[in-house]
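> Show me the folded form of this:
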Amino acid sequence: MYHTLDEFATTWGYEADATQKCLDRLTDASLGQAVDADDRTIARMAWHITQTIPEMMGKTGLQVTGPGEHEAPPGHAAQIAAAYRTAAAALLKEIRAKWTDATLAVKDEMYGQQWARGQTLQVLIAHQIHHRGQLTVLMRQAGLAVPGIYGPAREEWAAMGMAPPAI
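You can find the predicted model right below:
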């Protein structure tokens, strides 16, 4: 749970940048990739990550610019990446304009429970990380290179003149 806005802003900056790197590598041809017909496609996964920012934060009273909860994903990867960029930046702007550190203790009804806003921010980040992990698997299946997030990706080892770990 976050206790200061600066604490959240630091983490959000890193995590939003990592997600943006993934979304910027998507191609229109990759958007239909899914594990199988019953699972989300890359387009739906990327769009869900993007939609969750205004949807979840709207439950706290913030008005974050971004796609509506029931809005279908666009047909172009660049549109998804741009929508995420807008929503991620709008979230920080809204928080800085409307909240203080003390606001993080305020509780809101969130999915049938009461969550402190600092907890909501933590869940938003964890949710994004969870789905970003799923997205990177789909990206690999679609033949896309994934960016290193918490360490080098396979392709980045070679760029550093090193062999990727055997395990």
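
> Going along the chain, name the strands of this protein.
Applying DSSP state E to the chain gives strands spanning 107-110, 113-116.

> Show me what the last one packs onto, helices and strands only.
I take that to be strand 113-116. Under the contact definition 3 or more CB pairs under 8 Å, 6 or more residues apart in numbering; DSSP states H and E, strand 113-116 sits against strand 107-110. The way it works is simple: take the backbone N, C-alpha and C, and place the C-beta from them, glycine included.

> What pairs with the strand it packs on, parallel or antiparallel?
Sheet pairing here is set by DSSP bridges, and for strand 107-110 it gives strand 113-116 (antiparallel).

> just to revisit the earlier point, take the strands of the chain and lay them out in CSV including distance to Gln141 and mean neighbour count.
Formatted as CSV, the strands of the chain follow (distance: least, CB to CB, whole Å; neighbours: other CB atoms under 10 Å):
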stretch, distance to Gln141, mean neighbour count
strand 107-110, 33, 14
strand 113-116, 34, 14
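
> who wins for proximity to Asp101 among these?
strand 113-116 (12.2 Å; CB to CB).

> how far does that closest one sit from the chain's center?
Mean C-alpha position of strand 113-116 versus that of the full chain (CA atoms, centre = their mean, to the nearest Å) differs by 21 Å.

> Just the C-alphas of stretch 146-162, formatted as CSV.
What follows is stretch 146-162, C-alpha atoms only, in CSV (Å, rounded to 0.1, in the frame of the first residue of the first chain):
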residue,chain,number,x,y,z
VAL,A,146,9.8,-8.4,-25.7
PRO,A,147,11.7,-5.7,-23.8
GLY,A,148,13.6,-6.4,-20.7
ILE,A,149,11.7,-5.2,-17.7
TYR,A,150,13.3,-6.4,-14.5
GLY,A,151,16.4,-7.6,-16.4
PRO,A,152,17.5,-8.2,-19.9
ALA,A,153,15.3,-10.1,-22.4
ARG,A,154,16.8,-12.8,-24.5
GLU,A,155,17.6,-10.5,-27.4
GLU,A,156,19.2,-7.9,-25.1
TRP,A,157,21.8,-10.3,-23.8
ALA,A,158,23.3,-10.6,-27.3
ALA,A,159,23.3,-6.8,-27.6
MET,A,160,25.4,-6.6,-24.5
GLY,A,161,27.8,-9.2,-25.9
MET,A,162,26.7,-11.9,-23.5
